[in-house]
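Asker: Just the structure for this:
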Amino acid sequence: MNDAAVHITRWGGSGPRVVLIHGGVQGGSVGGDRLFAVQERLTERGFQLIVPDRPGHGRSPSPGRPDDAATDGEWAADLLEGGAHLVGHSFGGCVALAAASRRPEAVHSLTLIEPAMQKVAMRDPRVRRFGLRAMRAIFLSWSATARARRFSALVGIPAEIRAGSSPEEAERMGKAMLRLVLPSKATLQRQLGELRERKIPLLVVTGGWSPAFEAIGDTVAGLGGGQHVVVRSEHHFPHLVSGEFNDVLAGFIAAQSRVSVA
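Answerer: Residues are numbered from 1 along each chain as shown. Now for the predicted structure:
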C-alpha cells in the first residue's frame, strides 16, 4: 500500500467483504466512518466492511500530494485483498473505478454513488450547465473558504456534514479543490469499457435531486454495462438518507454471489 498511513475503520468480522471509498477533497476532518455511517448497519446482514479515510482526510495524514484518483486507486486496490465488493461515492467513485481497473480479478462488483464522472457526459446540456457552475464556484470565488462553501452548496453537501466545518478547515479544502486531479474522459471511458468487457457487475446509484447527476448516472451505467438506480434523496449523499441504499446494495451483492444476505 503506497499510502501506508491510511486510517481504516473495520465493521464486522465475517461474511462478504465490502470496501467503501468516500469522496471529498483533502483538508476535511470527516472520514469514511462518518461518510458511510449508515452502512455500518450492513454488518447485521452478515457483511464485513472496510472503510478507509483517504489520504489527507479524517484521521489519515496529508500525503503531500493532491487528491488523485489514479494514485489513490493503488492503495484502494490493495484493500481488495483476495476479493471484495467495491463501493465509491463522488470522487471516491473515480478512485474505486481506478482500483477496479488495476485489479479487476479481485472485484466481485462495483457500486458507484453519484460518481464525479461528468467528463463522460458533457454532451448532455444538464451536465454542461452543472460544469459551468462548478467552474465559476472553483475559479471565480474570492477566497478559498468561499470556494469550498459555494462548491459544497452546488453539489448538495448536506448540512449535517457541513456543520462541523471550521473556517480553517474550509480554507484547507478550498485550496485543495484547485489541486484535485480528476481522471480524463479517455481514462474513464477506457476503465468503464474494461468493466463491460470483463462483465464486472456495475451499479450506479443517484439521488434524483440533480438533473446533472441523473444524466451522469445514465451515461456511466451505459458505458460500463451496468444498471442505474435512483434512491431518493434531497442531496448528494443518498446512501445516508435511510436504509434504502443498504437494501439496494445488499440485493445487488446477493444477485452476484447467488447467496442470501438478508
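Asker: What segments of the stretch 151-262 of the chain are strands?
Answerer: For the stretch 151-262 of the chain, the strands defined by DSSP state E, counting those that start in this stretch cover 202-206, 227-230.
Asker: The last one pairs with which strands?
Answerer: Strand pairing for strand 227-230, using DSSP bridges, gives strand 202-206 (parallel).
Asker: ok, residues contacting the strand it pairs with?
Answerer: 109-115, 195, 213-214, 216-217, 220-221, 224-231, 238-239, 245, 248-249, 252 (CB atoms under 8 Å, 6 or more residues apart in numbering). In this view, the C-beta of every residue, glycine as well, is placed from N, C-alpha and C.
Asker: The closest residue to residue 88 other than its chain neighbours: what's it in contact with?
Answerer: The spatially closest residue to residue 88, leaving aside those adjacent along the chain, is residue 96, at 2.8 Å (CB to CB, 6 or more residues apart in numbering). By CB under 8 Å, 6+ apart, the residues touching residue 96 are 19, 21, 73, 76, 86, 87, 88, 110, 112.
Asker: Now do the strand or helix carrying residue 96 against strand 202-206: the angle between them, please.
Answerer: If you go by DSSP states H and E, residue 96 is part of helix 91-102. The directions of helix 91-102 and strand 202-206 differ by 170 degrees, with axes from the mean of the first three to the mean of the last three CA atoms, to 10 degrees as the criterion.
Asker: What segments of the stretch 1-150 of the chain are helices?
Answerer: 32-35, 69-78, 91-102, 125-139, 144-155 (DSSP state H, counting those that start in this stretch).
Asker: Could I get the ones you listed in TSV, plus columns for mean pLDDT?
Answerer: Below are the helices of the stretch 1-150 of the chain laid out as TSV (pLDDT from 0 to 100):
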stretch	mean pLDDT
helix 32-35	94
helix 69-78	96
helix 91-102	98
helix 125-139	91
helix 144-155	86
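Asker: just so I know, which of those lies nearest residue 189?
Answerer: In terms of CB to CB, the element of the helices of the stretch 1-150 of the chain nearest to residue 189 is helix 91-102, at 11.0 Å.
Asker: Put the alpha carbons of that closest one into PDB.
Answerer: The C-alpha coordinates for helix 91-102 follow below in PDB (Å, rounded to 0.1, in the frame of the first residue of the first chain):
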ATOM      1  CA  PHE A  91     -14.700  11.500  -6.200                       C
ATOM      2  CA  GLY A  92     -14.300   8.200  -4.400                       C
ATOM      3  CA  GLY A  93     -16.200   6.600  -7.300                       C
ATOM      4  CA  CYS A  94     -13.300   7.600  -9.500                       C
ATOM      5  CA  VAL A  95     -10.900   6.100  -7.000                       C
ATOM      6  CA  ALA A  96     -12.900   2.900  -6.900                       C
ATOM      7  CA  LEU A  97     -13.000   2.700 -10.700                       C
ATOM      8  CA  ALA A  98      -9.200   3.100 -10.800                       C
ATOM      9  CA  ALA A  99      -8.800   0.400  -8.200                       C
ATOM     10  CA  ALA A 100     -11.100  -1.900 -10.200                       C
ATOM     11  CA  SER A 101      -9.000  -1.200 -13.300                       C
ATOM     12  CA  ARG A 102      -5.800  -2.200 -11.500                       C
END
